[in-house]
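> how would this look folded up:
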Amino acid sequence: MRQKRSAPKTLYRAGKLRRQPTPVEHILWQKLRRNQVGGVAFRRQHAIGSYIVDFCAPSVKLVLELDGSQHMDQAEYDANRTAFLAEHGYRVIRFWNHEVLNQLDAVLQVILNAVQQGSSGRESPSPEEPGQD
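This next block holds a predicted model:
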């Protein structure tokens, strides 16, 4: 069954977020855009239901989330969001902002591994593991 489109309000907000990326989102986007990781197309600030995810590779059902300090106070919201995405077949990998800033090559390797696992149909890392192998 095909998923319904997101509400116009959510799509508008996603577009606004795309025009105003955080510095960390910009850094990672420069490495993900134009199919640079595993030949897979990523979208940024992509609406899925009522949620907007930082990065999404729909072809392998992979979501990447970048978490700053504000996520320490919203663990329940993040858990509900991850559960919703998992129910819709998405795997979620979370990275702390400092990981992208200080360990970009390792972050990209985790993403490449997940892309390769997704494209081969094998299981991927658990959505609760923030950027772990």
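
> any idea where the strands of the protein begin and end?
43-48, 51-57, 62-67, 91-96 (DSSP state E).

> helices or strands next to the helix or strand of the chain with the lowest mean pLDDT in the packing?
Taking mean pLDDT, DSSP states H and E as the measure, the chain has helix 8-19 as its least confident helix or strand, at a mean of 87. Counting contacts by 3 or more C-beta pairs under 8 Å, 6 or more residues apart in numbering; DSSP states H and E, helix 8-19 is packed against strand 43-48, strand 51-57. The C-beta positions use only the backbone N, C-alpha and C, and glycine is treated the same way.

> looking at those, which is buried most?
Across the helices and strands packed on helix 8-19, averaging neighbours per residue (mean count of other C-beta atoms under 10 Å) puts strand 51-57 on top, at a mean of 22.

> so what does that strand touch, helix or strand wise?
With contacts taken as 3+ C-beta pairs under 8 Å, 6+ apart, strand 51-57 sits against helix 8-19, helix 23-32, strand 43-48, strand 62-67, helix 75-87.

> One more pass at 10 Å, please.
Counting contacts by 3 or more C-beta pairs under 10 Å, 6 or more residues apart in numbering; DSSP states H and E, strand 51-57 is packed against helix 8-19, helix 23-32, strand 43-48, strand 62-67, helix 75-87, strand 91-96, helix 104-120.

> got the strands of the chain as a markdown table, with mean pLDDT and distance to Ser119 columns?
Below are the strands of the chain laid out as a markdown table (pLDDT from 0 to 100; distance: least, C-beta to C-beta, whole Å):
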| stretch | mean pLDDT | distance to Ser119 |
| --- | --- | --- |
| strand 43-48 | 95 | 17 |
| strand 51-57 | 96 | 9 |
| strand 62-67 | 95 | 10 |
| strand 91-96 | 95 | 12 |
